[in-house]
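Novice: next input, structure requested:
(one chain, ligands or ions: 2)
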Amino acid sequence: MGAASTPKPASRVVVGGARTPDHQPEFPMTDLSRRHLIAAAGGAALASAPPGAARAETGPAPIRGKDGASILGPTNPPRQAQEPFTTAPPTTDHGTMPNLKWSFSDSHMRLEEGGWARQTTIRELPVSKAMAGVNMRLKAGAVREMHWHKEAEWSYMIRGKARITAVDQDGRTFADDVSEGDLWYFPSGIPHSIQALDADGVDGCEFLLVFDDGAFSEDSTFLITDWMAHTPRDVLAKNFGLPESAFAQIPPSELYIFPGPRPGPLSADRMGGAGEIPKRFSHRMEAQEPIRTRGGSVRITDSRVFPASETIAAALVELEPGALREMHWHPNGDEWQYYLSGKGRMTVFGSESKARTFDYQAGDVGYVPFAMGHYIENTGDTPLRFLEMFRSPRYADVSLRQWMALTPHALVQAHTRIDRTLLDGLPQAKSPVVPG
Ligand code: MN
Ligand code: MN
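Specialist: Ligands and ions are numbered 1, 2, ... in the order given. Predicted coordinates for the structure are as follows:
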């Protein structure tokens, strides 16, 4: 590639295996990934190696103490660096567990004029039977066209602002503007629309959708244009009491995502009808006062505070560096996670001595099958923020620590052989986040 004859600035990241003049690795190494490499390599030999040593070119080594060996064949160093505990798992990992991680970066992008959509469903992450997710971006004015679907739709606004509308089976209406940290929920079969707005210098919006069926497909929703295009014109005319000429311009196929006229004030888009939908379809999740603990915070949003959301319960968790979402499980269903920022690590315990550890970063999806034990640790240098979703009207978790604290301590000691005075000191109150 002419790297030798065309020197590049030392800071430039080069692709295709070329090297910068000072032999920096092509994958820019953070302090964190360097720590992981050292940990994965079993320590001493690499601990004294300079930054950007040869090891970095192949990612973390599959070596743990005396076990393992270097990789001789092809590798994907940036990918391995994202998943150090997949390459060199802790000794506590054991047995065969399903894959519990998917990155939206590996999801096919559907590009349309005005935006894009990509999804993570059972086709991408086969274990995720209970829920599926869609990540969607709309530029200001762009519309996700009027549609409905069999599944209920829960959403979290990641960035920007949008106007949402819906009409229910009794002719009651809903319209609202949703911003960063807000949720919406459309029940199964209820028709709705989403249109991006201009706000705070952001051109439109990006959001996460979660559906209460892992088999959902964003490409299989019922679209108003698609239906009209597949109905005889004379039937359309009869149905609406309009001349056939009124339908001369209907699109010949679906629009799905398309640029639209900027809407006016929200008040003008509140259509009245048979009155407002009684259970509001939007909710200000980040305006909720969180449960604060040393090490982080948790906001829980289920049908108790967001009554419309009858099939999806959610939690927004924030962990400071080193903090732990404590060891727990959920008595009421699978967990679908979306990582908003930072880096985290989760080990899932699946009974029969099975356990597997995964590393996650912003944009990743995590999954925990029903009742499996797990913790999530912030392994980065910045706050870790993630969403947990459940196909349930109520949020529920069972804390390992609280269970032990509230079971006769002589009995717990007989199982764990933990000193009785230490067991007596365990707090009885649940703390979803514990400090690092
Ligand atoms: Mn929808
Ligand atoms: Mn959980």
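
Novice: only C-alpha atoms from now on, for both contacts and neighbour counts.
Specialist: Noted.

Novice: which residue is nearest the middle of the chain?
Specialist: The centre of the chain sits closest to residue 338, judged by CA atoms, centre = their mean, with a distance of 1.6 Å.

Novice: show me the beta-bridge partners of that residue.
Specialist: With DSSP bridges as the criterion, residue 338 is bridged to residue 365, residue 387.

Novice: and what of the one 10 residues further on?
Specialist: Counting by DSSP bridges, residue 348 forms beta bridges with residue 356, residue 374.

Novice: was I right about it contacting residue 367?
Specialist: No - Residue 348 is beyond contact range of residue 367, at 9.3 Å (criterion: CA atoms under 8 Å).

Novice: the residue nearest to the centre of the chain: what's it in contact with?
Specialist: By CA atoms under 8 Å, 6 or more residues apart in numbering, the contact list for residue 338 reads 362-366, 386-388.

Novice: likewise residue 411?
Specialist: Applying CA under 8 Å, 6+ apart to residue 411 gives no contacts.

Novice: host element of residue 135?
Specialist: According to DSSP states H and E, residue 135 maps onto strand 132-138.

Novice: so what touches that strand?
Specialist: 104, 114-122, 144, 195-196, 204-216, 218, 257.

Novice: so what touches stretch 396-404?
Specialist: For stretch 396-404, the surrounding residues in contact (CA under 8 Å, 6+ apart) are 326-332, 412, 423, 426-430, 432.

Novice: repeat that for 6 Å
Specialist: 327-330, 428, 430 (CA atoms under 6 Å, 6 or more residues apart in numbering).

Novice: so residue 404, which of the three states?
Specialist: Under DSSP: H, G, I helix; E, B strand; the rest coil, residue 404 falls in the helix class.

Novice: relative to residue 111, how far out is it?
Specialist: To residue 111, residue 404 is 51 Å away according to CA to CA, to the nearest Å.

Novice: who has more neighbours, those two?
Specialist: residue 404 (19 against 12; other CA atoms under 10 Å).

Novice: now for the contacts of stretch 396-404: which two are most distant?
Specialist: Using CA to CA, those reach their maximum pairwise distance at 330 and 428, which is 18.5 Å.

Novice: and the contacts of stretch 396-404, which are buried?
Specialist: Using 16 or more other CA atoms under 10 Å as the burial test, the contacts of stretch 396-404 include 327-330, 430 as buried.

Novice: which of the contacts of strand 132-138 fall in helices?
Specialist: Residues of the contacts of strand 132-138 located in helices (DSSP state H): none.

Novice: among those residues, name the ones in strands.
Specialist: Counting by DSSP state E, the part of the contacts of strand 132-138 found in strands is 115-120, 144, 195-196, 205-211, 257.

Novice: nearest to residue 180, of the contacts of stretch 396-404?
Specialist: Nearest to residue 180 among the contacts of stretch 396-404: residue 330, at 27.5 Å, using CA to CA.

Novice: for residue 86, see how far away residue 115 is.
Specialist: From residue 115 across to residue 86, the span is 34 Å (CA to CA).
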